[in-house]
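Engineer: Quick one, structure for this:
(2 chains)
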There are 2 protein chains.
Amino acid sequence: MDTIVSRHNPLFKQLHRLAGQRRERLRERRTLLDGAHLLQSALDAGWLPERVIVTPQGQANHEIDALLQRAQAPVTLLDPALFAELSELPSPTGVLALVSWPQPPAPRRDGLCLLLDGVQDPGNVGTILRTAAAAGVAQVLLSAGCADVWSPKVLRAGMGAHFLLEIIERADLPAFAARFDGPLAVTLLEGAVDLYRARLDGNLALALGAEGQGVSAELAAHATLRLRIPMAPGVESLNVGAAAAICLYERVRQMGIATAL
Amino acid sequence: MDTIVSRHNPLFKQLHRLAGQRRERLRERRTLLDGAHLLQSALDAGWLPERVIVTPQGQANHEIDALLQRAQAPVTLLDPALFAELSELPSPTGVLALVSWPQPPAPRRDGLCLLLDGVQDPGNVGTILRTAAAAGVAQVLLSAGCADVWSPKVLRAGMGAHFLLEIIERADLPAFAARFDGPLAVTLLEGAVDLYRARLDGNLALALGAEGQGVSAELAAHATLRLRIPMAPGVESLNVGAAAAICLYERVRQMGIATAL
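Structural biologist: From the prediction side, this is the model:
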């Protein structure tokens, strides 16, 4: 097993770049999974890490040792102080996995797809991916203006959703919408259709934009379903993660009813 | 108009304590509203700030000047460097309002109430308050283990919801549940009732707990409705803010249908 004790070690320098720089992640198509839970979710979904990095304390942990056995990847032991430089967790669990993400698939033309247009907050993006996976979304497409989906913060908030979804980042959303075989739904404050009077149970592309701005005019031009989420007087808007949950789960409800019938 | 240029000024020291320390906020029952949007939401809801603090730049801003006129409170001019010490915003808007929050009301026994049990993340608590206000929740009760509802972070994520809701913090949730005249609903991974088969349109107290742990055993003992949010295979759980949005808006949907009939 390799042991790294110097920050001048080339592997450490690579890991440090991947932890901190989107450009490097995109160039290598690699990222770091921080913590035992993310590694376990990745393994559960059939992902194979290229390398696992542990602290001596992490290595001694029973749960992490079991993950190391499953991962069947080279293991590198890392000095705890250096490890802390790679981890954003307030109390690092002592395990990081180096993974490359799959080539993005072709854009779908049917099923349930989620389009994020300029959603910049990493916590929101991660939470939305988590909800999307739970709601049975097949593919998530993110515009260039969204938070970096493979960043440590988005991975953390996603809680493993990344491994269950098809993800296409820096996607051309209007081009996707133009080819999609079903309604493109957008949520608007002055939307024309009450969410609960809309049919959401067939092919569906749901687009969510940045709070305050909504989706781009170019994408909105493709919208065939302009949804209004009812809100009590005095309330201007919802958090984009809440709006995503409300719309996606109204779809779940309608699908459940459709299945039962 | 007072002008503060020294960090030894007693008012600045008071503001600094209120910005940073829950204990001081509780002792004074006062907090700071950071930014023009929160101040406007407070004024719209009829709250009267005790004092408004601006930077010279903030004072010169048209929108903020209009808020100062509406607020009819003493205005203090604060050196921008000192102002930045009071603000968590990445780019402070240059206005802060000192407010005292109302005496907490008596716990309700009917209507729609939301119980948060040990929800620690400030962003989650604020987002949930925002969703709750939109969904027509009358009263929110937070256990002692929740994030400080009057902290700058929760206020920021709440986006003005604080001024539309009755809020009771450090509440005795089991005692509330024992007296509530309607079902206490909790969400559980192994919940017995599919959310979409539950009746949620009468008096309703909905309880949400910390992710991973759920509500306390003592509170769960009062539950009369154990809801299960359907989730796709491989997904363990939802973010608590997403779960809140899904459950509260299923209530909104049912109420809308009830109203229409």
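Engineer: When you work out contacts or count neighbours from here on, use the C-alpha atoms and nothing else.
Structural biologist: Will do.
Engineer: Now do the longest helix along chain A: which elements does it pack against?
Structural biologist: Counting residues, the longest helix found in chain A (DSSP state H) is helix A:240-260. Packing contacts for helix A:240-260, counted by 3 or more CA pairs under 8 Å, 6 or more residues apart in numbering or on different chains; DSSP states H and E, involve helix A:122-134, strand A:204-209, helix B:240-260.
Engineer: mean confidence score for that helix?
Structural biologist: For helix A:240-260, the mean pLDDT works out to 91.
Engineer: Please apply the same query to stretch A:72-80.
Structural biologist: Stretch A:72-80 comes out at a mean pLDDT of 95.
Engineer: what does it rub up against?
Structural biologist: A:1-5, A:48-56, A:68, A:94 (CA atoms under 8 Å, 6 or more residues apart in numbering or on different chains).
Engineer: cutoff 6 Å now
Structural biologist: A:1-5, A:50-55 (CA atoms under 6 Å, 6 or more residues apart in numbering or on different chains).
Engineer: Which positions in that stretch come out as buried?
Structural biologist: Buried residues in stretch A:72-80, defined by neighbour count with 16 or more other CA atoms under 10 Å in any protein chain shown: A:73, A:75-80.
Engineer: now swap in stretch A:178-185 and tell me
Structural biologist: So, applying 16+ other CA under 10 Å, buried residues of stretch A:178-185: A:180-185.
Engineer: possible to save those as TSV with secondary structure, distance to residue A:245 and pLDDT?
Structural biologist: TSV is the format used below for the buried residues of stretch A:178-185 (DSSP: H, G, I helix; E, B strand; the rest coil; distance: CA to CA, whole Å; pLDDT from 0 to 100):
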residue	secondary structure	distance to residue A:245	pLDDT
A:180	coil	22	98
A:181	coil	23	97
A:182	coil	20	97
A:183	coil	19	97
A:184	strand	17	97
A:185	strand	14	97
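Engineer: Among the residues you listed, which one sits closest to chain B?
Structural biologist: residue A:185 (18.2 Å; CA to the nearest CA).
Engineer: so what's that closest one up against?
Structural biologist: Taking CA under 6 Å, 6+ apart as the test, what residue A:185 contacts is A:206, A:223, A:225-226.
Engineer: one more time with 7 Å
Structural biologist: Contacts for residue A:185 (CA atoms under 7 Å, 6 or more residues apart in numbering or on different chains) come out as A:205-207, A:223-227.
Engineer: Buried only: go through those residues for me.
Structural biologist: Buried, going by 16+ other CA under 10 Å: A:205-207, A:223, A:225-227, out of the contacts of residue A:185.
Engineer: mind checking the SS state of the closest residue to residue A:144 other than its chain neighbours?
Structural biologist: Closest residue in space to residue A:144, ignoring its immediate chain neighbours: residue A:170 at 4.1 Å, by CA to CA, 6 or more residues apart in numbering or on different chains. Here residue A:170 is recorded as coil under DSSP: H, G, I helix; E, B strand; the rest coil.
Engineer: Kindly provide the distance from residue A:170 to residue B:155.
Structural biologist: Distance of residue A:170 to residue B:155, computed by CA to CA, to the nearest Å: 33 Å.
Engineer: The two: which is more packed in?
Structural biologist: The neighbour comparison of residue A:170 against residue B:155 (other CA atoms under 10 Å in any protein chain shown) goes to residue B:155, with 27 against 14.
Engineer: Surely the more buried one is in a strand?
Structural biologist: No. Residue B:155 sits outside any strand when classified using three-state DSSP, being helix.
Engineer: which stretches of the stretch 151-261 of chain A have low pLDDT?
Structural biologist: Along the stretch 151-261 of chain A, segments meeting pLDDT under 70 span A:258-261.
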